[in-house]
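[1] Have a look at this prediction, sequence included:
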Amino acid sequence: NADHSTMAAAPADDLAIRLADPYRPVFLLGEVPPQEGTPPGKCQDICTKFMQRSRALASDGFIVYDIQDEPGRVEGEARPFPFRKLMDSSRYAALLERTSGKQCVVYKCIADERFTAWMQRAATDHGHRAINLVGRPSSEGEFKGPSMSEAMKIASASNTMKFGCVCIAERHTLEAAQKRGKQYPTEHVNMIRKQQAGAQWFISQAVYDPEPTIRLLKDYAASCREAGIVPRKVILTFCPVSRVKTMKFIKWLGVRVPAETESKILDSEKPVDTSIVVLCDMLRTILSETIGIGVPLGISCESVSIYKAEIDGVHELFRRLQGILLDSRLSPWKVVWVEVMPPANNEDSDKDFQLRTKSQAAMISLLGAVVGSAIFAAGILMGSRRR
């Protein structure tokens, strides 16, 4: 079971605290680091552009992915997008946090012989508090670094960081179980094992078929009741698609996309808009089928390409999914904006900003309520729903 005593000194808006809180949904945006070797100035430009595009969204923070080459993922099928080694996820997340004022969940693949040193650097040099552990890219071949059990033991020993893990609904199908020589899928068992090892939350891969996710959530909830433990929060990930190449890529990544769903999206006049509608309907289905089971949910949105239509689609998808999940709680809600950085041209800005932060007086008094979905204008996002 989780021990939150080491996080007691963390502020209330600490992302790791929010992720572990079963009563509060969490909303995240995914980002991929620039290529390895990108000059510092260019990295800052990329980071600033991402921040400027996403700051009007009411996100709790960001996910920074650790992308690995996976040559053996799909036998006989080439990677749709060429693999390029990227900047270290911890280093880029530190830059993003300092640029945006929001914390990050930092992904880390365990296939690293310097895994322990990486964890220490992420905590001490970069000040991260939320790490998401990812298994080896493939079960084939040899990889250096700790096993998942060893990595979780190392992560759970940290006094300043909490960790989560991935959950993959595609493993929780009867077809997947049969391939492994089992009568029934066991991804819920993996989740229980990781939770008992200290995982504070789970993040799914992209959802394009609600049925495996529904089955996984129900089995996980039932197993938690049987074990007498409280389910961890599950962050459901969604990404829009606007073209054939992106669809091939998410399928190559292992995302299950029913043929009728793929055709509905790619055959439409505006595929990215259709994918947004489809994904919103999928979230509604998941919510209606899992109501009352006791598994807290959150939302993450990402683009798996640099295609502009899909990046823009992420923002629209995020707003809609956020509204759907918050409305499902049958409670009024609102979005506020706050000043996260000191004013630029004030001699005493740093001192004043620290004082305002300590007294919790930095909250700007511009907030409003509107009936309907959350909206944004001139960089301000406001919304309210009442029933």
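    On my side now, so go ahead.
[2] and A123, backbone torsions?
    Backbone torsions of A123, given as degrees, to the nearest 10, read phi -80, psi -50.
[3] so what's R193 scoring on pLDDT?
    The predicted local confidence for R193 comes out at a pLDDT of 97.
[4] In contact with it, which residues?
    For R193, no contacting residues are found, by C-beta atoms under 8 Å, 6 or more residues apart in numbering. C-betas here are computed from N, CA, C, even on glycine.
[5] before we move on, what about E113?
    Residues K144, G145 are the ones in contact with E113 under the rule C-beta under 8 Å, 6+ apart.
[6] Would you confirm that it belongs to a helix?
    No: read with DSSP: H, G, I helix; E, B strand; the rest coil, E113 is coil and lies in no helix.
[7] and the gap between it and P33?
    Taken as C-beta to C-beta, to the nearest Å, the spacing of E113 relative to P33 amounts to 20 Å.
[8] and what of M247?
    M247 sits at a distance of 24 Å from P33 (criterion: C-beta to C-beta).
[9] what about the residue lying closest to V230 once chain neighbours are set aside, how many residues close to it?
    On the basis of C-beta to C-beta, 6 or more residues apart in numbering, the spatially nearest residue to V230 that is not a chain neighbour turns out to be P22, at 6.3 Å. As a burial measure, the neighbour count of P22 was computed by other C-beta atoms under 10 Å and equals 13.
[10] just the one 10 residues further on next, same as before
    Applying the criterion other C-beta under 10 Å, we find 22 residues in the vicinity of V32.
[11] Can you read off the pLDDT for it?
    At V32, the pLDDT value in this model is 94.
[12] Disregarding residues adjacent in the polypeptide, which is nearest to it?
    Taking C-beta to C-beta, 6+ apart as the measure, V32 lies nearest to Y65, with 5.3 Å between them; neighbours along the chain are not counted.
[13] Next, the contact list for the one you found, please.
    Per C-beta under 8 Å, 6+ apart, neighbours of Y65: G30, E31, V32, P33, S89, Y107, E302.
[14] ok, now with 10 Å
    By C-beta atoms under 10 Å, 6 or more residues apart in numbering, the residues touching Y65 are 30-33, 86, 89, 92-93, 105-109, 132, 134, 302, 304.
[15] Just read off the phi/psi values of it.
    Here the main-chain torsion angles of Y65 (degrees, to the nearest 10) amount to phi -80, psi 150.
[16] Show me where the stretch 51-200 of the chain dips below the pLDDT cut-off.
    Judged against pLDDT under 70, the low-scoring parts of the stretch 51-200 of the chain cover residues 70-81, 83, 137-141.
[17] the strands in it, which residues?
    Remark: strands assigned in the stretch 51-200 of the chain by DSSP state E, counting those that start in this stretch are 61-64, 104-109, 130-134, 162-167.
[18] Dump these to a markdown table, plus distance to W201 and mean neighbour count.
    Shown next, in a markdown table, are the strands of the stretch 51-200 of the chain (distance: least, C-beta to C-beta, whole Å; neighbours: other C-beta atoms under 10 Å):
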| stretch | distance to W201 | mean neighbour count |
| --- | --- | --- |
| strand 61-64 | 11 | 25 |
| strand 104-109 | 9 | 26 |
| strand 130-134 | 8 | 24 |
| strand 162-167 | 4 | 25 |
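[19] Dump those into TSV; add distance to A221 as well.
    Shown next, in TSV, are the strands of the stretch 51-200 of the chain (distance: least, C-beta to C-beta, whole Å):
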stretch	distance to A221
strand 61-64	24
strand 104-109	23
strand 130-134	21
strand 162-167	13
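[20] Nearest approach to S275 belongs to which of those strands?
    Taking C-beta to C-beta as the criterion, S275 comes closest to strand 61-64 out of the strands of the stretch 51-200 of the chain, the separation being 19.8 Å.
[21] helices or strands up against the closest one?
    Using 3 or more C-beta pairs under 10 Å, 6 or more residues apart in numbering; DSSP states H and E as the contact definition, the elements that strand 61-64 packs against are helix 15-20, strand 27-31, helix 40-54, helix 89-100, strand 104-109, strand 130-134, strand 297-301.
[22] Within the sheet, what are the partner strands of that strand, with directions?
    Using DSSP bridges, strand 61-64 pairs in its sheet with strand 27-31 (parallel), strand 104-109 (parallel).
[23] and of those strands, who's closest to D209?
    Set against D209 and scored by C-beta to C-beta, the strands paired with strand 61-64 come closest in strand 27-31, at 19.5 Å.
[24] ok, the residue most central in space within the chain - contacts?
    Nearest to the geometric centre of the chain sits S300, at 4.4 Å (C-alpha atoms, centre = their mean). If a contact means C-beta under 10 Å, 6+ apart, then S300 has 26-30, 59, 62-63, 105, 203-204, 206, 235-239, 318, 321 as its contacts.
[25] List the contacts of the residue nearest to K85 when sequence neighbours are not counted.
    Leaving aside its sequence neighbours, K85 sits nearest to E36 (C-beta to C-beta, 6+ apart; 4.6 Å). Under the criterion of C-beta under 10 Å, 6+ apart, the contact partners of E36 comprise R84, K85, L86, M87, D88.
[26] Look at E36 and report its pLDDT.
    Predicted confidence (pLDDT) for E36: 93.
[27] Kindly report the same for M7.
    According to the predicted model, the pLDDT of M7 comes to 46.
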